[in-house]
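J.: can't give you the sequence, but here's the structure:
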């Protein structure tokens, strides 16, 4: 039996007619799972398809029963794929509602890729999932709650956040004036 069989068996719905490979991995998408996840023709495929080809560590991360998951790995190791598979599994199995799922990435491009993969996996449900960067989320929270922080931190309600190049340009412009 290969490393992924145990995790895959947890995913297999009762009455599933999928074939197994010589190592025990599921080859075809379960008709029952695909019907419930897809919701019709042209809809996204079953989330079970997302687990094909994952290594044992990825399967554990994607199928864990813990509520909150933090993935930390190097570039090109499949973090986005694992997160997408996990969210698709949670949404298709009704373990989570889309508006209660939050996925955070470090860069805008990673957040965009995460949203795109999720859209391909779960279709219109992805529109209700919060996908953002850490910085954008924290800035949004700061803007919402700045009135509560204002007496302590002395922030004005209409504050701006500048990146390094914008801050340099602002200082140069202020100096010239």
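T.: In hand now; what should we look at? Note that the structure is predicted; figures quoted are calculated from it, not measured.
J.: Quick check: closest non-adjacent residue to residue 101.
T.: Computed as C-beta to C-beta, 6 or more residues apart in numbering, the closest residue to residue 101 that is not its neighbour in sequence is residue 129, at 4.7 Å. C-beta coordinates here come from the backbone N, C-alpha and C atoms, glycine included.
J.: just checking, that neighbour touches residue 121?
T.: No. Applying C-beta atoms under 8 Å, one finds residue 129 not in contact with residue 121, separated by 10.6 Å.
J.: So for those two, which residues contact both of them?
T.: Counting by C-beta atoms under 8 Å, 6 or more residues apart in numbering, the shared contacts of residue 129 and residue 121 are residue 87.
J.: which residue ranges form the strands in the chain?
T.: For the chain, applying DSSP state E gives strands covering 102-105, 130-133.
J.: Ok, which of those strands comes nearest residue 59?
T.: Among those, strand 102-105 comes nearest to residue 59, with 18.8 Å by C-beta to C-beta.
J.: residue ranges for the helices of the chain, please.
T.: All helices of the chain, identified by DSSP state H, fall at 5-11, 31-38, 56-63, 79-92, 108-122, 134-153, 164-176.
J.: distance between the longest one and the chain's centre?
T.: Put plainly, it is helix 134-153. Chain-centre distance of helix 134-153: 24 Å, with C-alpha atoms, centre = their mean, to the nearest Å.
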